[in-house]
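Chemist: Please work out how this folds:
(2 chains)
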Amino acid sequence: MRAAGSIGAASARTRSRVGASSLRSLVARKGLPYALIAPATVVILGVLGWPLLDLLFLSTQHYGLRELFQHQGRFVGLQNFANILADPQFKYVVEVTLIFTAVNVALSMTLATIIALLMERVSSFVRVLLGAGLVFVWATPVIPAIDLWQWMFDYEFGVINWLLTRVGAGNYIHHNWFENPVQGFTVVTVVVVWGAIPFLALTLHAGLTQVPKELIEAAQIDGARALQIFRNVTLPTLKPLLLVLLSLSTIWDFQVFNQVWVMLNQRPNENYFVISVFSFQESFRVSQFGLGSAVAVVMVAILMIISFFYVRQTVRSINEAGA
Amino acid sequence: MSEVAGRSKVLWSIVGWLVVFVFFFPVLWMWLEGFKTEPQAASTPPTILFVPTLAEFQEVLSGDFPPFFINSAIASIGSTLLVLVLGLPAAYALAIRPVKRSRDVLFFFISTRFLPFAASLVPLYLLARDLQLLDNILALVLIYTTINLPLGVWLLRSFLLEIPHDLFEAARVDGASFHHEILRIVVPLIAPGLAATSLICLIFSWNEFFYAVNLTSSVAATAPLFLVSFISGRGLFYAKLAAAATLASLPVLLAGWIAQRQLIRGLTMGAVK
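Modeler: A predicted model of the protein is given here:
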């Protein structure tokens, strides 16, 4: 009985193995590429795509604390959007975020380009030194880096206040940088730009080494000035790379959260609400998850509008470079 | 080299020194503070000459830091392995056996890079709650995998494209099975690519803060959360904070130094080779 059973099982196993191998050869011919792509696609659709759809759905719900416990929101149509668009604070948030993004992107791109060009002109020892400094700053994780700056700007023990007072820039003893939002955002900008420069500068430096030397020498022989060479030879070669960096910087700076959040002790006041902080605040501090979702939807929309052009260009240039 | 050019190089080099000093100063300051005692670290004017001590490092390592460190390691290594397991087959299909829709699939993968991932926080939070995954390291593993996967696929594909196509033809003529092809040809040839991709994924997950702070609280909290928890103790634990921050940045510092060229290639999605 037992023997018969095991023989039966064995033959079934053989049969299924035959079935599997012919299936496998069929898959290998036709469906293999699809079968290989499917798992990654499913994960991305599940963890990235589905939540974004859910976000759209949530933005049409009234979803407060009660709804949170009931696991069920209440449909209110476009009411959340009407509320935030009528809210003067939201207008402030969007303006501040756009200005902040523009300033940070412009500053970090400009300074990074200057540092990259500088790296071309220094002796090889200083170049290695610059490279090492950039890599170390880059690799310092964002939270320790923010901690660091926070305590350098600390009003009581901060080395910056001490330094500024010492060099005679005025009396900065016990100066609180975060009392005035313009000063506060300046500090945040310093931190964001400082953190953004290494990657941008190292990348641009790598890009500069790809600019054909013969072209530059030919231009020099023709008597072109440094600025002319930069504009007519260097910039066109770097253009695809600059586009990639510009779009990445815009996306990163538009959704800055950590620097604001941690610099202000995880309790930023209303003056410091950039859009990601505002969305978080509405959702998790005020417990209006529907409103927070509507803010997030607006955030995605604004980013899509700003970056549409860049992204299209970027994808095009990446396709040319990668394919 | 002419004398004028030589002099201008010296001048630029001096500027270079200055830039390095100003730029690198904060990191240097952090490293130094970790070797001070607490009163030295908090003094005004700052203490510049001091006898270095390892006391703060010892205290951090013997205290409550290790569990956070371990959580970070699990989230980083787990998500990186998943990216490789899911990403390599997809990259292989896109690079070696492209189908009609490959371009669209690629475009889909790369376009997710341009979404503000922070926007999905509320739906992901509710999803994690419904699946009982709040304060569970598994949630972070899954999210980090998803954030890194598109870039991983893209990068692995670009490395696979560099393998001469004849190699695969020859292997197939010899009757090599698919498994054989992957394990004997693909993996050894793109080992540097696998390493670079892994490093990029590791660095990102090691540093990630936004999702960690919102989806975990105590059991699954990662190293960045430990560092933030210090800040509430203002003015008292600077040396300890510096020591902890130095320790937390050490793995990434090493990885970044080893793989800077590959990192640039990865982060620009191949625009720089």
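Chemist: Can you give me the neighbour number for A:V191?
Modeler: 25 (other C-beta atoms under 10 Å in any protein chain shown). All C-beta atoms are positioned from the backbone trio N, CA, C, and that covers glycine.
Chemist: Ignore what I typed, I meant A:M304.
Modeler: Residues near A:M304, counting by other C-beta under 10 Å, number 13.
Chemist: Any idea how many residues pack against A:R285?
Modeler: Per other C-beta under 10 Å, the neighbour tally for A:R285 reads 11.
Chemist: does the residue of the stretch 151-300 of chain A found nearest chain B belong to a helix or a strand, and which?
Modeler: Residue of the stretch 151-300 of chain A nearest chain B, by C-beta to the nearest C-beta: A:A296 (4.1 Å). With elements taken from DSSP states H and E, the one containing A:A296 is helix A:289-322.
Chemist: so how far is that helix from its chain's centroid?
Modeler: 11 Å (C-alpha atoms, centre = their mean, to the nearest Å).
Chemist: Kindly report the same for stretch B:156-164.
Modeler: 22 Å.
Chemist: Show me the helices in the stretch 51-200 of chain A, by range?
Modeler: Secondary structure of the stretch 51-200 of chain A (DSSP state H, counting those that start in this stretch): helices at A:65-70, A:79-86, A:88-121, A:124-139, A:142-152, A:159-166, A:181-208.
Chemist: er, the stretch 51-200 of chain B actually
Modeler: Counting by DSSP H, counting those that start in this stretch, the helices of the stretch 51-200 of chain B are B:55-62, B:65-96, B:102-111, B:121-130, B:137-160, B:165-173, B:178-180, B:187-189, B:191-207.
Chemist: Give the buried residues for the fifth one.
Modeler: This points to helix B:137-160. B:137, B:139-160 (16 or more other C-beta atoms under 10 Å in any protein chain shown).
Chemist: Give me the buried stretch members for the helix or strand A:T41 falls within, please.
Modeler: Element membership for A:T41, per DSSP H and E: helix A:32-44. Neighbour counts over helix A:32-44 (16+ other C-beta under 10 Å) mark A:32-33, A:36-37, A:40-41, A:43-44 as buried.
Chemist: same check, this time on stretch B:238-252
Modeler: B:238-249, B:251-252.
Chemist: filter the buried residues of helix B:137-160 down to the ones near chain A?
Modeler: Among the buried residues of helix B:137-160, the residues lying close to chain A (C-beta under 8 Å from any C-beta of the partner chain) are B:142-143, B:145-147, B:149-150, B:153-154, B:157-158.
Chemist: wait, what's in contact with the nearest residue to B:Q260 once chain neighbours are set aside?
Modeler: What sits nearest to B:Q260 in space, not counting adjacent residues and going by C-beta to C-beta, 6 or more residues apart in numbering or on different chains, is A:V135, at 5.4 Å. With contacts defined as C-beta atoms under 8 Å, 6 or more residues apart in numbering or on different chains, A:V135 is in contact with A:198, A:202, B:256-257, B:260.
Chemist: quick revisit: any chance of the buried residues of helix A:32-44 in CSV, plus distance to chain B?
Modeler: CSV is the format used below for the buried residues of helix A:32-44 (distance: C-beta to the nearest C-beta, whole Å):
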residue, distance to chain B
A:L32, 7
A:P33, 4
A:L36, 4
A:I37, 5
A:A40, 4
A:T41, 7
A:V43, 6
A:I44, 6
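Chemist: Pull the most distant pair out of those.
Modeler: Spatial extent of the buried residues of helix A:32-44 (C-beta to C-beta) is set by the pair A:L32 and A:I44 at 19.8 Å.
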